[in-house]
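1. Only the shape, not the letters, is given here:
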């Protein structure tokens, strides 16, 4: 839970569990209206446009390796929310979508 005006952080970890290198790993995070992204970090450069954070694609992710991306956000309105993260790559036939719930008071 986060209080209105409070900050929280999200860590997105992408692991190549396969035996071949994957290429062009892309991350897009969509924030609900109750949270506003304010800062990015980690293994790629993030661009914040409103409630959408897009990380520049990572060229190669070797087998059994992982990438970590961080996003800091501030709570701006109360409610039960969900951050939606989409991961794409050359080896994925369709995007992997994960959601993280956050309660803002």
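-> Cool, the structure landed. Small disclaimer: the values here were computed from a predicted structure and weren't measured. Residues are numbered from 1 along each chain as shown.

2. quick one: the strands in the protein?
-> Applying DSSP state E to the chain gives strands spanning 7-15, 22-30, 35-42, 46-49, 52-61, 66-75, 79-88, 96-104.

3. Now do the fourth one, average pLDDT.
-> The average pLDDT within strand 46-49 is 98.

4. what's the answer for stretch 16-24, then?
-> pLDDT averaged over stretch 16-24 gives 96.

5. before we move on, what about stretch 91-105?
-> For stretch 91-105, the mean pLDDT works out to 96.

6. circling back: so which of the strands of the chain gets nearest residue 1?
-> Closest of those to residue 1 is strand 96-104, at 4.5 Å (criterion: C-beta to C-beta). Where C-beta positions appear, they are placed from N, C-alpha and C, glycine not excepted.

7. gap between that closest one and the chain center?
-> How far strand 96-104 lies from its chain's middle: 10 Å, per C-alpha atoms, centre = their mean, to the nearest Å.

8. buried ones in it?
-> Neighbour counts over strand 96-104 (16 or more other C-beta atoms under 10 Å) mark 102, 104 as buried.

9. Then stretch 52-66?
-> Buried residues in stretch 52-66 (16+ other C-beta under 10 Å): 53-55, 58, 61.

10. any chance of the strands of the chain in JSON lines, plus distance to residue 1?
-> JSON lines is the format used below for the strands of the chain (distance: least, C-beta to C-beta, whole Å):
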{"stretch": "strand 7-15", "distance to residue 1": "9"}
{"stretch": "strand 22-30", "distance to residue 1": "20"}
{"stretch": "strand 35-42", "distance to residue 1": "12"}
{"stretch": "strand 46-49", "distance to residue 1": "23"}
{"stretch": "strand 52-61", "distance to residue 1": "22"}
{"stretch": "strand 66-75", "distance to residue 1": "9"}
{"stretch": "strand 79-88", "distance to residue 1": "10"}
{"stretch": "strand 96-104", "distance to residue 1": "4"}
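
11. contacting residues around residue 81?
-> Taking C-beta atoms under 8 Å, 6 or more residues apart in numbering as the criterion, residue 81 is in contact with 32-35, 101-104.

12. Great, nothing more from me.
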